[in-house]
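Engineer: Task: produce atomic coordinates for the following.
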Amino acid sequence: MAEAKLFVLPESRHSKEAQILLKNTGLPCKIIHLNTKELIAAAPFDLGIKKVPALYVNGHWYQGLKEVKEFIRQNNR
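Structural biologist: Presented below is the predicted three-dimensional model:
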């Protein structure tokens, strides 16, 4: 499996929870902080992100904590 990328807002409660879940599963993951106005404004247009946390792995987007949890549940068997 390719390295996952997790896009987060630094002060987001859901982003922190997703980071903890991914860390506990041992999935190699690069955390990308959307911490400037420019990055936040560009994310929907350049990356297609509509919700954070957003996980990108193997060419697929999992957006929002619910989808990230579902991905972890399916791949942590």
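
Engineer: Now do the strands in this structure.
Structural biologist: Counting by DSSP state E, the chain has strands at residues 4-8, 29-33, 54-57, 60-63.

Engineer: low pLDDT regions in this structure?
Structural biologist: Scanning the chain for pLDDT under 70 picks out 1, 77.

Engineer: hang on, the earlier thing: could you say which of the strands of the chain is packed most deeply?
Structural biologist: Per-stretch averages of neighbours, counted by mean count of other C-beta atoms under 10 Å, single out strand 54-57 among the strands of the chain, with a mean of 22. C-beta coordinates here come from the backbone N, C-alpha and C atoms, glycine included.

Engineer: Tell me, how many residues neighbour L39?
Structural biologist: 15 (other C-beta atoms under 10 Å).

Engineer: How much space separates it from A4?
Structural biologist: Computed as C-beta to C-beta, to the nearest Å, the L39 to A4 distance reads 19 Å.

Engineer: same thing with Q19?
Structural biologist: In terms of C-beta to C-beta, Q19 sits 11 Å off from A4.

Engineer: Same check on R13?
Structural biologist: Going from R13 to A4 by C-beta to C-beta gives 20 Å.

Engineer: Quick one: residues contacting the nearest residue to V57 once chain neighbours are set aside.
Structural biologist: Distances taken as C-beta to C-beta, 6 or more residues apart in numbering put A4 closest to V57, at 3.9 Å, once the chain neighbours are dropped. Neighbouring residues of A4 by C-beta atoms under 8 Å, 6 or more residues apart in numbering: L22, L27, P28, C29, K30, L55, Y56, V57.
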